[in-house]
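1. Sequence below, structure please.
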Amino acid sequence: MKEKKALKTKLLSRNVASSDTYDDKFQNEYKMQSEKESIDYDSDYNGPPPSSNKCFPAKRCSKASISPRSVMSAPDLPFSEDLVPESLPACTVGIKYSMRSAIGDGGARQADGPTVMERRDLNPNGCHMKVSHWSENGCRAYMEDRYAIEELGSVIINAEEEDCKTAHSNKKKSLQLSWLGVFDGHGGGKASQFCCDQLSAYVRNQYEFPWDLGTAMKHAYHMIDKDFTRTGYTDGTTACSCIIVGGKKIVCANAGDSRAIVIKEDGSVFKLSRDHKPGVPCETKRITDLGGKVLYFGRWRVEGILAVSRGIGDGALKPYITADPDVCEYNIEKDDLFLVIATDGIWDVLNNSQVAQHVISETCTRTVDGFQCHPQKLIWAARKLCKKARENRSSDNKCAIIVDLNKSSYIP
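-> Here you go, the predicted model:
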């Protein structure tokens with residue numbers, strides 16, 4: 001009993017609360033002692049019960065203060081201290097997202113009733129464009145895809161002559177910035193979850209933000225890759241993210257085989273990204289020049305293991321797997337209808353033209369002035385796109401984001 005009281009006192013002296021991080025090594029010690037003597041957990045402890053098979057990494061990487069929201073994203077998912085971003089100041093660390101995919105093993109189903117869908121906000125989390133979003137685990141028992149939507153503030157620029165009443169060059173205007181990203185995890189969901197939660201914070205923390213968004217995104221990809229690899233986790237994720245600048249520009253950064261496209265009124269497509277797969281000649285050359293191998297087992301794979309050649313994480317396959325993204329800056333034109341960002345669960349069974357035709361037919365009607373997008377139909381667009389991929393025998397996890405680029409949807 002003395003050992004029991006001493007251990008309990010040691011735990012309470014640390015003032016463990018739901019908003020604080022805890023020592024994983026000590027928690028495992030307390031867990032074993034509790035199972036032996038049937039000691040009840042402290043009421044403030046947020047971890048799993050003693051019967052759980054969940055494990056806790058013992059490595060501590062940061063003492064950054066984490067908010068209660070970021071500590072427990074879901075009741076069944078304990079927070080891991082070694083996933084705190086090492087390269088970011090504590091004041092910038094935090095999770096700010098709107099709707100995203102199910103967390104954990106895919107058992108947490110999204111609310112999907114008709115009335116729930118109809119009440120969905122088309123401008124989630126302050127996003128200044130109308131957005132449709134959906135994800136599902138497909139035929140798999142786990143969910144490794146994630147997505148994030150949020151606002152990144154605004155940037156003040158010199159107004160163009162046609163955008164202001166007078167032609168004075170000192171006129172200023174503010175453009176809102178919105179962040180959208182999809183992350184397709186493999187070998188686990190920790191890398192995709194980490195990027196979903198923190199990649200936008202890495203971008204905001206770059207010196208080039210918000211004046212040189214392409215460079216800021218490129219540096220953020222490399223930085224978050226280093227931080228995640230240091231944790232010792234071996235899983236990885238693709239990352240395809242876009243920043244929409246007002247109603248004028250899209251800046252896209254992609255590493256992996258997720259994809260972003262712009263759909264035009266005539267059904268044509270402008271590709272904002274290219275797939276990074278080992279079988280692509282330039283990727284094969286890059287890998288073999290580093291001493292790696294590209295082998296064919298059902299499809300081309302790095303070292304015979306991984307079917308993507310770029311991404312975040314995958315520490316066991318460094319340096320062949322790089323986080324270096326392709327960056328594309330695109331000026332939004334009058335005939336642009338939609339931006340579509342999705343994981344390979346969509347693109348493996350539907351090509352760009354099929355996705356464009358499906359999205360236009362499901363959301364728009366033709367008028368004298370061109371196509372008109374219906375907000376209530378837009379709400380369902382991403383979900384119907386995932387359903388279309390499932391009907392085409394896609395068994396993979398899927399997530400999709402569809403943005404209405406029509407300037408009438410822009411919130412000034």
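
2. in the stretch 151-300 of the chain, which spans are strands?
-> Along the stretch 151-300 of the chain, counting by DSSP state E, counting those that start in this stretch, strands occupy 172-186, 236-237, 239-245, 249-255, 259-264, 269-271, 294-296, 300-302.

3. So which of those is the most surrounded?
-> Among the strands of the stretch 151-300 of the chain, strand 236-237 has the highest mean neighbour count (mean count of other Cβ atoms under 10 Å), at a mean of 33. From N, CA and C alone the C-beta is placed, and that goes for glycine too.

4. Now Arg274: closest residue in space, sequence neighbours ignored.
-> Once flanking residues are discounted, Arg274 sits nearest to Asp326: 6.2 Å by Cβ to Cβ, 6 or more residues apart in numbering.

5. can you give me phi and psi for Leu385?
-> Note on Leu385: its backbone torsions stand at phi -70, psi -40 [degrees, to the nearest 10].

6. got the contact list for the closest residue to it other than its chain neighbours?
-> Once flanking residues are discounted, Leu385 sits nearest to Ala400: 5.0 Å by Cβ to Cβ, 6+ apart. The contact partners of Ala400, taken as Cβ atoms under 8 Å, 6 or more residues apart in numbering, are 132-135, 182, 340-343, 346, 382, 385-386.

7. cool, Val155 as well?
-> By Cβ under 8 Å, 6+ apart, the neighbours of Val155 are 174-175, 177, 210-211, 245.

8. For those, work out which two are farthest apart.
-> Ser174 and Trp211 (14.0 Å; Cβ to Cβ).

9. Strand partners (parallel or antiparallel) of the helix or strand hosting Cys399?
-> Using DSSP states H and E, Cys399 sits within strand 398-404. With DSSP bridges as the test, strand 398-404 is paired with strand 131-136 (antiparallel), strand 336-342 (antiparallel).

10. if you average pLDDT over each of these, which comes out lowest?
-> Of all those, strand 131-136 carries the lowest average pLDDT, namely a mean of 91.

11. Next, the angle strand 239-245 makes with it.
-> 170 degrees (axes from the mean of the first three to the mean of the last three Cα atoms, to 10 degrees).

12. Identify each buried residue in strand 131-136, please.
-> Of all the residues in strand 131-136, those buried under the rule 16 or more other Cβ atoms under 10 Å are 131-136.

13. same thing with stretch 138-146?
-> 138, 143-146.

14. Send over it as PDB, restricted to the C-alpha atoms.
-> Taking C-alpha atoms only, stretch 138-146 is exported to PDB below (Å, rounded to 0.1, in the frame of the first residue of the first chain):
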ATOM      1  CA  GLY A 138     -14.100   2.700 -49.100                       C
ATOM      2  CA  CYS A 139     -13.800  -1.100 -48.700                       C
ATOM      3  CA  ARG A 140     -11.000  -0.900 -46.200                       C
ATOM      4  CA  ALA A 141     -11.300  -1.400 -42.500                       C
ATOM      5  CA  TYR A 142      -9.000   1.600 -41.800                       C
ATOM      6  CA  MET A 143      -8.800   5.200 -42.800                       C
ATOM      7  CA  GLU A 144      -5.500   6.900 -43.600                       C
ATOM      8  CA  ASP A 145      -6.700   9.800 -45.800                       C
ATOM      9  CA  ARG A 146      -7.000  13.200 -44.300                       C
END
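
15. model confidence over it, on average?
-> Here stretch 138-146 scores 86 as its mean pLDDT.

16. Going by mean pLDDT, which of the strands of the stretch 151-300 of the chain comes out lowest?
-> Mean pLDDT per stretch puts strand 172-186 lowest among the strands of the stretch 151-300 of the chain, at a mean of 92.

17. for that one, packing partners?
-> Secondary-structure packing of strand 172-186 (3 or more Cβ pairs under 8 Å, 6 or more residues apart in numbering; DSSP states H and E): strand 145-158, helix 190-204, strand 236-237, strand 239-245, strand 336-342, strand 398-404.

18. Starting from it, tell me which strands it pairs with and how they run.
-> Neighbouring strands of strand 172-186 in its sheet, by DSSP bridges, are strand 145-158 (antiparallel), strand 236-237 (antiparallel), strand 239-245 (antiparallel).

19. Tabulate those strands (TSV), appending distance to Val359.
-> Converted to TSV, the strands paired with strand 172-186 look like this (distance: least, Cβ to Cβ, whole Å):
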stretch	distance to Val359
strand 145-158	17
strand 236-237	25
strand 239-245	16
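
20. what's the closest of those to Phe194?
-> strand 236-237 (8.0 Å).

21. In stretch 312-325, which residues are buried?
-> Going by 16+ other Cβ under 10 Å, stretch 312-325 has these buried residues: 312-315, 317, 320-323, 325.

22. do stretch 327-340 as well
-> 327-328, 330, 332, 336-340.

23. and if you look at stretch 384-391?
-> So, applying 16+ other Cβ under 10 Å, buried residues of stretch 384-391: 384-386, 388-390.

24. Which ones among the residues you listed map onto helices?
-> Per DSSP state H, helices hold the following members of the buried residues of stretch 384-391: 384-386, 388-390.

25. just curious, which of those residues is nearest to Arg119?
-> Nearest to Arg119 out of those is Lys384 (Cβ to Cβ; 17.6 Å).

26. host element of the nearest residue to that closest one once chain neighbours are set aside?
-> Computed as Cβ to Cβ, 6+ apart, the closest residue to Lys384 that is not its neighbour in sequence is Glu362, at 5.3 Å. Glu362 is part of helix 352-363, with elements assigned from DSSP H and E.

27. continuing past that helix, what's the next helix or strand?
-> Assigned by DSSP H and E, the successor of helix 352-363 is strand 364-367.

28. Using PDB, list the CA coordinates for the following helix or strand past that next one.
-> Sequence order places strand 370-373 as the next helix or strand after strand 364-367, per DSSP H and E. Provided in PDB are the C-alpha atoms of strand 370-373 (Å, rounded to 0.1, in the frame of the first residue of the first chain):
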ATOM      1  CA  GLY A 370     -22.900  30.200 -69.300                       C
ATOM      2  CA  PHE A 371     -22.900  27.600 -66.500                       C
ATOM      3  CA  GLN A 372     -24.500  28.400 -63.200                       C
ATOM      4  CA  CYS A 373     -23.500  26.400 -60.000                       C
END
